[in-house]
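1. predicted model, plus sequence, below.
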Amino acid sequence: MTIVIKNGTVVTADRTWKADVLIDGDKIVDVGPDLDGDEVIDASGAYVMPGGIDPHTHMEMPFMGTFSADDFDSGTAAALAGGTTMTVDFCLPGPGQGLIDALQTWYQKAGKARTDYSFHMAITWWGEQVFDEMPKVVSQGINTFKHFMAYKGALMVNDDEMFASFSRCAEIGAMPLVHAENGDVVAFLQQKLMAEGNNGPEGHAYSRPPEVEGEAVNRAIMIADQAGVPLYVVHTSCEQAHEAIRRARQKGMRVFGEPLIQHLTLDESEYFNPDWQHAARRVMSPPFRNKMHQDSLWAGLAAGSLQVVATDHCAFSDEQKRMGVGDFTKIPNGTGGLEDRLPVLWTRGVRTGRLTMNEFVAVTSTNIAKILNIYPKKGAILPGADADIIIWDPAATKTISAKTQKSAIEYNVFEGIEVTGLPVMSFSRGRLAYKEGDVRADTGDGRFVERPANAPVNTALSTWKELTAPRKVERSGIPAGV
Ligand code: URP
Ligand code: ZN
Ligand code: ZN
Ligand code: ZN
């Protein structure tokens, strides 16, 4: 059984052209004019693009005394409805727990996934066992290690632990990721604000100013450079963070930045809404920023100094958010977005001229496939690639509403936004996974995607670091008797 997608316009990260796409089993086998297949899908008037990859999700995440509300079942249903065909979640070992042990829990949770998936491994503590297990994690096809510089007393790691872990990443051809906020300063500001009676959700924003993020990004970049390893900065939310990344890249450092669709389109005024629940629903870290920061992030995507748009999908119900009534530090941090990332980015990015269609594909799929070392298996419309394809109707519209969403929670932070440009069909490894409002992929249809170590940037950087490493000068004329 072959499937041919006919009469569409193929849009990839580097070109736009009229072509048919032939799928055989789970792979794309041909792209070109006048192709025939057993089943014909008519894509007249539509764009045929690589499925979205969201490298930043938290399904059923144990966090702040609860678990995020979307599991791999509802979360990946939301992903498919929004044109995302692969997700990467964070495996979080508990205090003192082994990495391989924690992975078993995540494999089990992800058994419900409808999209293909991978994991980043979080380094939540440091010790010989973690050091020893890191290469074992890599041998299981996980080449990224996440470090939280915030959440003091919980997930946070210190500079010495980060340096040790980044150095280990360099040795084993893996890449560190950072959640960059100065956790010590955040903890201090939280206490100060609470002591002053500033206990509402706006306190969350006040406790995490852009400078706190910018400092941490600079520090992580310095540590990565000294360890000789590339770096990926998750949820880059502000100019201070972007500036640090931009400057590092101009110096030739291998640093990547990931703005979220939330930070690109929603602003800090949400936290000053007089309705507590409205504001609490939007509590996430880093917090939403003002327009100056949003403009910086959009410019970074256009300029190439920022590479990826993600969601950090980490949904909490109203009841869960209410854990923080009277104390903003107890509001579970996180927002949803998986179903909305592509339509909102298309509407606010492509339709406004901030992004080309090709840049849209790059930042939602192709760039992260390259960074995660799974290109062109994922993120490409090429013979041999996995048939993860979306058929995109640029004229389709809807008003975003929690009433029709796949996510398990009762609200949506993009509620009421009218989007133009929607997926009409999504294929996942050659199978129809979504069609016109209907998720067709079953729970459990997703597969784990192995990501090999030693991505091209790792190899290039370690070659350069080796070439430029300190070398002892062999000298003659050393004075005797000294
Ligand atoms: O507020 C957020 N971002 N929650 C999820 C955990 C994280 O920091 O990414
Ligand atoms: Zn984070
Ligand atoms: Zn609002
Ligand atoms: Zn996150």
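-> Cool, got the structure. Ligands and ions are numbered 1, 2, ... in the order given.
2. go ahead and confirm residue 391 touches residue 45.
-> No. Between residue 391 and residue 45 there is no contact under Cβ atoms under 8 Å: 10.1 Å. Where C-beta positions appear, they are placed from N, C-alpha and C, glycine not excepted.
3. higher neighbour count, those two?
-> residue 391 (22 against 11; other Cβ atoms under 10 Å).
4. give me the buried positions along the helix or strand harbouring that one.
-> According to DSSP states H and E, residue 391 maps onto strand 389-399. For strand 389-399, a neighbour-count test (16 or more other Cβ atoms under 10 Å) marks 389, 390, 391, 392, 393, 394 as buried.
5. one more: stretch 239-247?
-> So, applying 16+ other Cβ under 10 Å, buried residues of stretch 239-247: 239, 240, 241, 242, 243, 244, 245, 246.
6. confidence score at the residue of the stretch 301-450 of the chain at minimum distance from ligand 1?
-> Of all residues in the stretch 301-450 of the chain, residue 333 sits closest to ligand 1, at 3.2 Å by Cβ to the nearest ligand atom. Listed pLDDT for residue 333 reads 98.
7. hang on, it packs against residue 284?
-> Yes. Counting by Cβ under 8 Å, residue 284 is a contact partner of residue 333 at 5.3 Å.
8. of those two, who's got more company?
-> Taking other Cβ under 10 Å, residue 333 and residue 284 do not tie; residue 284 has more neighbours (26 against 23).
9. using the three-state scheme, assign the more buried one.
-> coil (DSSP: H, G, I helix; E, B strand; the rest coil).
10. from ligand 1, how far off is it?
-> Distance, residue 284 to ligand 1, using Cβ to the nearest ligand atom, to the nearest Å: 4 Å.
11. how about the nearest residue to that residue once chain neighbours are set aside, phi and psi?
-> Sequence neighbours aside, residue 335 is the residue nearest to residue 284 in space, at 4.7 Å (criterion: Cβ to Cβ, 6 or more residues apart in numbering). Phi and psi for residue 335, reported as degrees, to the nearest 10, are phi -140, psi 160.
12. ok, now which ones touch residue 335?
-> Counting by Cβ atoms under 8 Å, 6 or more residues apart in numbering, residue 335 makes contact with 262, 281, 282, 283, 284, 312, 313, 314, 315, 413.
13. show me the contacts for the residue of the stretch 301-450 of the chain closest to ligand 1.
-> Going by Cβ under 8 Å, 6+ apart, the list of residues near residue 333 reads 63, 64, 204, 283, 284, 285, 314.
14. residues near the third one, how many?
-> Put plainly, it is residue 204. 25.
15. my read: it touches residue 271, true?
-> Yes. Using Cβ under 8 Å, residue 204 is in contact with residue 271, at 6.6 Å.
16. find residues that contact each of these two.
-> Listed as contacting both residue 204 and residue 271 by Cβ under 8 Å, 6+ apart are 283, 287.
17. follow-up on the earlier one: tell me which of the buried residues of stretch 239-247 is nearest to ligand 1?
-> So of these, ranked by how close each gets to ligand 1 (Cβ to the nearest ligand atom), first place is residue 241, at 13.9 Å.
18. where does the closest one land on pLDDT?
-> 99.
19. so it: helix, strand or coil?
-> What three-state DSSP gives for residue 241 is helix.
20. sec struct for the closest residue in space to residue 307 that isn't next to it in sequence, please.
-> Nearest residue to residue 307, sequence neighbours excluded (Cβ to Cβ, 6+ apart): residue 367, at 4.5 Å. Here residue 367 is recorded as helix under three-state DSSP.
21. pretty sure residue 367 sits against residue 13.
-> Yes. Between residue 367 and residue 13 there is a contact under Cβ under 8 Å: 7.3 Å.
22. up against ligand 1, what does this structure have?
-> Contact residues (Cβ under 6 Å from any ligand atom) of the chain with ligand 1: 58, 179, 284, 285, 312, 314, 333, 334.
23. could you tell me the phi and psi values at residue 176?
-> Dihedral angles (degrees, to the nearest 10) for residue 176: phi -80, psi 150.
24. just grab the bridge partners of it for me.
-> With DSSP bridges as the criterion, residue 176 is bridged to residue 145.
25. next, count neighbours for it.
-> Residue neighbour count, defined by other Cβ under 10 Å, stands at 26 for residue 176.
26. mind listing what it touches?
-> 144-147, 162, 165-166, 169, 220, 224, 229, 231-232.
27. for residue 23, same thing?
-> Going by Cβ under 8 Å, 6+ apart, residue 23 touches 2, 3, 4, 5, 29, 37, 387, 389, 427, 430.
28. for it, give its distance to residue 112.
-> 25 Å (Cβ to Cβ, to the nearest Å).
29. so what's residue 91 bridging to?
-> Under the criterion used (DSSP bridges), residue 91 bridges to residue 121.
30. wait, what's in contact with it?
-> By Cβ under 8 Å, 6+ apart, residue 91 lies in contact with 99, 102, 103, 105, 106, 119, 120, 121, 122, 142.
31. just the ones in strands from those, please.
-> 119, 120, 121, 122 (DSSP state E).
32. centre of the chain to the host helix or strand of residue 358, how far?
-> Assigned by DSSP H and E, residue 358 belongs to helix 357-361. Distance, stretch centre to chain centre, for helix 357-361: 17 Å (Cα atoms, centre = their mean, to the nearest Å).
33. kindly export it (C-alpha atoms) in CSV.
-> Provided in CSV are the C-alpha atoms of helix 357-361 (Å, rounded to 0.1, in the frame of the first residue of the first chain):
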residue,chain,number,x,y,z
MET,A,357,7.2,29.8,5.3
ASN,A,358,10.6,28.2,5.0
GLU,A,359,11.7,29.8,8.3
PHE,A,360,8.5,28.5,9.8
VAL,A,361,9.4,25.0,8.9
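34. local confidence estimate at residue 254?
-> Turning to residue 254, the model gives it a pLDDT of 98.
35. surely it meets residue 457?
-> Yes. Between residue 254 and residue 457 there is a contact under Cβ under 8 Å: 4.8 Å.
36. overlap in contacts of these two?
-> Counting by Cβ under 8 Å, 6+ apart, the residues touching both residue 254 and residue 457 are residue 230.
37. these two: which has the busier surroundings?
-> Between residue 254 and residue 457, residue 254 has the larger neighbour count (other Cβ under 10 Å), namely 22 against 17.
38. where do the strands sit along the stretch 351-482 of the chain?
-> 389-399, 418-428, 431-435, 438-439 (DSSP state E, counting those that start in this stretch).
39. next, format the ones you listed as TSV and append distance to residue 89 and mean pLDDT.
-> Output for these, formatted as TSV (distance: least, Cβ to Cβ, whole Å; pLDDT from 0 to 100):
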stretch	distance to residue 89	mean pLDDT
strand 389-399	21	98
strand 418-428	17	98
strand 431-435	18	98
strand 438-439	18	98
